[in-house]
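1. Would you be able to build a 3D model of this:
(chains A and B)
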Amino acid sequence: MYHRANLCLMILGSLFFLYGCAATYHPPGPLPPEISLPQSVPPAPEQKQIPEPSSRAVSDLIANADHMEQSGELETAAASLERAVRISPKDPIPWQRLAQIRLLQKDAVQAEILAGKSNSLAGRSKRIMCRNWQIIKEARYLAGDVKGALRAEDKIEEFDTTN
Amino acid sequence: MLLGMFVCMVAGVLYTVRLDVEIRRQFEGKRWALPARVFARPLEIHAGKDLDTQTLEKELRLLRYRKTDSAETPGTYSKKKQQIIINSRGFVFWDGQEIARRICVNFTNHQVRNVTDVNGRLELGLVRLEPLAIANIYPSHNEDRVLIKFDGAPKLLIDALMAVEDHRFYNHHGIDFAGLLRAIVYNIKAGRTVQGGSTITQQLVKNFFLSNERTLKRKFNEVVMALLLEWHYSKEEILEAYLNEVYLGQDGRRAIHGFALASRFYFDLDLKELQQDQIALLVALVKGPSFYEPRKHPDRAKQRRNLVLGVLEKQKLLGSEAAVTAKAALLGVTKKAPSGATLYPAFLQLVRQQLKRDYQEEDLRSEGLLIFTTLDPIVQTNAESRLKERLDILEYQHGLPGHQLQSAVVITSVENGEVLAMIGGSDPQFAGYNRALEMRRPIGSLIKPVVYLTALENPDQYTLASIIEDEPYRVPLYGDKSWSPENYDQKFHGPTILRNAFIHSYNVSTVRLGMGLGLENVIKTLHRLGFSDPVKAYPSLLLGAVELSPFEVSQLYQPIAAGGYRVPLAAISSVSNRDGRPLQRYPLELEHVFKPDAIYLIKAAMHEVTRQGTASILQALLSESLKVAGKTGTTDGFRDSWFAGFSDEHLMVVWVGMDNNEPTGLTGSSGALRIWADIIRAMPTQSLSLELPDNIEWALIDPVTGLQADDNCQGAQWIPFIKGSVPDDPAPCMQNPVDRTLKWFKELFH
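-> Numbering: from 1, shown residues only, chains lettered A, B, ... in the order given. Predicted coordinates:
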């Protein structure tokens, strides 16, 4: 009898507790269950991949761009990177290198946009995103946007600490 | 008397000086008005590329490569199951030279497995084939010419020209009196004119500076100018000019000048690829291109060619065995001259339109500019074939009069906005009205992504789960006039979530949403996406009563497909001068016009259109592995059928309708969508992958209430939200926590 009364109290207590939590309801788990996954549901954030390494062709073009950059032929380097973008448009690295070239050419606007584009394709690769934010920071300094550059610096620190 | 002689001498000197100035100015300045050459994109071959043997062969055939057993000479290839060996011609691109070499391309499963040198020892990262020449922009007097350097001319050609036209070229100073006498004697012996009396220098002067009139003054000028030319310039310079200047044929209004162009015109081959008998034929033509025209007068041409071969044999420039073989050879000219007109008129119109921004018309016609464009001939020709086939089927299925249904197609690459293909009508080669560029039609429901994107940018007010009433709605116009939009199915659907109103393309709820957002805001979105013309703020705009060309629609959808980054659609990548030095590049320049989160929502909704909405037929038409997004559009009375859709890699806009604006009975789904599906199915493209921005989360939603749902809610849908905008409240269908706990306990005790 005592045992049963205790159990009732526990149940009531649990219900009360649960009812209090129910003001905001959270669906179970971050991922929609497998069975009702429509094709449009993206991979859950946990499953987000680091972008695949660049293909041989893209690596060659990036290496060529490096070479051109060293010899001061920045527009030829940019053209090489645009070829890489054409071959592998979802690879964040050519976009990032293109942003770097534009920065060297003192084109702050394109440098920031291209680094942002690279970020949008970087998945969860903190290394790529950190480098992009560095480009964005430098581009903002170049454009005289000191506040914006400091915000970018905060982002870089965020990546540094989470790395 | 003396004075008279003195005056004559001074006059003669002055006249000679004038001729001298003229000669030098013309010879050293712009020697020829050269047409601009327009090139397609070069095909890049690398491991992992989606390319099969048939497609590569198609490209090689377009580039006039000949299939042989072992690809021993440049311009040939051989094929063996999953391997193609190419003996490439090489090309000097402004950003690097692609050397001529023998390469081996190995395939596996419709992909390039690797590219190696022909011994298979060295793996090559990336090979660019030379770009296909797709058009010429001719000088106003319609002269056509392909320039060659003296060093680039085959030795036999030079030898043959000397032997036949000017035996003592290296020994005279422009006029060859001995040669003239010898020619007279030779011709009398032969009983006909075999050798000309004029030196090559004289012939060049005639072609170059003088008219055809036969007067003493002209002859005098010819002699003086020939001497002056020899005085100023080397033999090689004169010969090079001759090789490029000599008139060798006529193609309608187009005059064929120079041996390099003649080689293409008669044999469809590069000069350096010609056989001995073919070189002899070209030399034979110098005497009279129309009299010996080999397509019209093959017998005359062959006789003259063999005469030239005979001279070569006699002068030991050709072995007797080789001469016998060459004399026996067929003429080898192609049946039809390669057309001087482009096969891609719609695309070329776009190229010219974009060139006009930076170049004067005259420069385009005379400076010999090399224009490198973004056209992908494989994508283009594939789209043309699919379009023709499908238009026939649509006409048959819908009982439409034959050959009246018109269409336009624009295919671009998503990320860099390059125009890969453009078709301006049901007959793609017809260089007339270009519907892809010049025709503006109401876009119907293609406007809806613009309206919904405007809403979704404000997650505090709108999400894809927001409820919108699809009930009778009256928009007050001016005075006591009003407008009541209707749905395609003539029904009202009651309260519906934005996602469903969008994917089923409900009109009434869209107008209600758009009026709530404000027409000015929708127009702002239209402009941010890239439509630059002013738009009047009429409510009917919300249902697409705004006229755009298929090309303009492509620009509108590009930033959506590319995650919020807009790039002006471009047909030209770079322009070089006639020597290949870069004049102008059209670099990739982006604008960040929308945040990735709102774009993600609209892209996800457009993907749902192709799964469960008005374009769900795509599920049956495309392979399961190819995911795409898009929107259908149909205008009043079925006058315009539109589909605009994209994969990760390609964006394609298709329009179908009649030129006279008569109804076709086709919806976006039953017309344009079918063409779109046929084309995309036949081209390699990357399936849509929605990169999840950091601030997007998905939630299960009850479509009736727009509130959070669970498995208990029938028809619940997973919907993406900008973080913080997921509705807080649970839907009534959802098991409340008390019931769920009780159920848990019940299960525990039983």
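2. for B:Val409, helix, strand, or coil?
-> strand (DSSP: H, G, I helix; E, B strand; the rest coil).
3. List the contacts of it.
-> By Cβ atoms under 8 Å, 6 or more residues apart in numbering or on different chains, B:Val409 lies in contact with B:383, B:387, B:421-423, B:436, B:550, B:652-655, B:675, B:679. All C-beta spots, glycine's among them, are computed from the backbone N, C-alpha and C.
4. those strands in the stretch 451-600 of chain B, which residues are they?
-> B:467-470, B:475-476, B:482-483, B:494-497, B:547-548, B:565-566, B:572-576, B:582-585, B:591-592 (DSSP state E, counting those that start in this stretch).
5. Could you dump the ones you listed into TSV with mean neighbour count, mean pLDDT and distance to chain A added?
-> Listed next are those as TSV, based on neighbours: other Cβ atoms under 10 Å in any protein chain shown; pLDDT from 0 to 100; distance: least, Cβ to the nearest Cβ, whole Å:
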stretch	mean neighbour count	mean pLDDT	distance to chain A
strand B:467-470	20	96	18
strand B:475-476	14	93	32
strand B:482-483	13	94	34
strand B:494-497	18	96	15
strand B:547-548	20	98	25
strand B:565-566	23	98	6
strand B:572-576	21	94	8
strand B:582-585	17	90	6
strand B:591-592	17	98	5
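6. Any chance of TSV for the ones you listed, columns distance to B:Ala323?
-> Compiled in TSV, the strands of the stretch 451-600 of chain B are given as follows (distance: least, Cβ to Cβ, whole Å):
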stretch	distance to B:Ala323
strand B:467-470	86
strand B:475-476	87
strand B:482-483	86
strand B:494-497	85
strand B:547-548	65
strand B:565-566	65
strand B:572-576	42
strand B:582-585	46
strand B:591-592	66
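7. Select, out of these, the one closest to A:Ile113.
-> Between A:Ile113 and the strands of the stretch 451-600 of chain B, the shortest gap by Cβ to Cβ is with strand B:591-592, which sits at 5.1 Å.
8. one step back: give me the subset of the contacts of B:Val409 lying in strands.
-> B:421-423, B:652-655 (DSSP state E).
9. Pull out the buried positions in the longest helix anywhere in chain B.
-> Ranked by residue count, the top helix of chain B under DSSP state H comes out as helix B:2-28. Residues B:19-20, B:23, B:27 are the ones in helix B:2-28 that count as buried (16 or more other Cβ atoms under 10 Å in any protein chain shown).
10. For the helix or strand following it, the averaged confidence score.
-> Read in the C-terminal direction, the helix or strand following helix B:2-28 is strand B:36-39, with elements assigned using DSSP states H and E. The predicted model gives strand B:36-39 an average pLDDT of 93.
11. Show residues contacting the following helix or strand past strand B:36-39.
-> Once the chain leaves strand B:36-39, the next helix or strand it forms, by DSSP H and E, is strand B:44-45. When contacts are defined by Cβ under 8 Å, 6+ apart, strand B:44-45 is touched by residues A:57, A:83, A:86-87, B:51, B:56, B:103, B:105, B:112, B:115, B:126-129.
12. rerun that using 7 Å as the cut-off
-> A:87, B:51, B:105, B:112, B:115, B:126-128 (Cβ atoms under 7 Å, 6 or more residues apart in numbering or on different chains).
13. Residue of the stretch 51-200 of chain B nearest chain A, please.
-> Using Cβ to the nearest Cβ, the single residue of the stretch 51-200 of chain B nearest to chain A is B:Gly125, 3.6 Å away.
14. Number of residues surrounding that residue?
-> 17 (other Cβ atoms under 10 Å in any protein chain shown).
15. Quick one: residues contacting it.
-> A:56-57, A:60, B:46.
16. do you know how far it is from B:Glu415?
-> 21 Å (Cβ to Cβ, to the nearest Å).
17. And for B:Glu662?
-> Counting by Cβ to Cβ - B:Glu662 and B:Glu415 are separated by 39 Å.
18. B:Met658 too?
-> As judged by Cβ to Cβ, B:Met658 and B:Glu415 stand 35 Å apart.
19. Which pLDDT value belongs to residue 60?
-> As the question left the chain open, I've gone with chain A. pLDDT, A:Asp60: 94.
20. try again with chain B
-> On pLDDT, B:Leu60 comes in at 97.
21. ok, and what's touching the helix or strand containing it?
-> Using DSSP H and E, the element containing B:Leu60 is helix B:53-62. The contact list for helix B:53-62 (Cβ under 7 Å, 6+ apart) reads B:43, B:77, B:79, B:82, B:84, B:86, B:105, B:107, B:129, B:132, B:377-378.
22. buried set for it?
-> B:53, B:55-56, B:59-60, B:62.
23. any idea of the mean pLDDT in the helix or strand following it?
-> Toward the C-terminus, helix B:53-62 is succeeded by strand B:66-67 as the next helix or strand (DSSP H and E). Strand B:66-67 shows a mean pLDDT of 94 in the predicted model.
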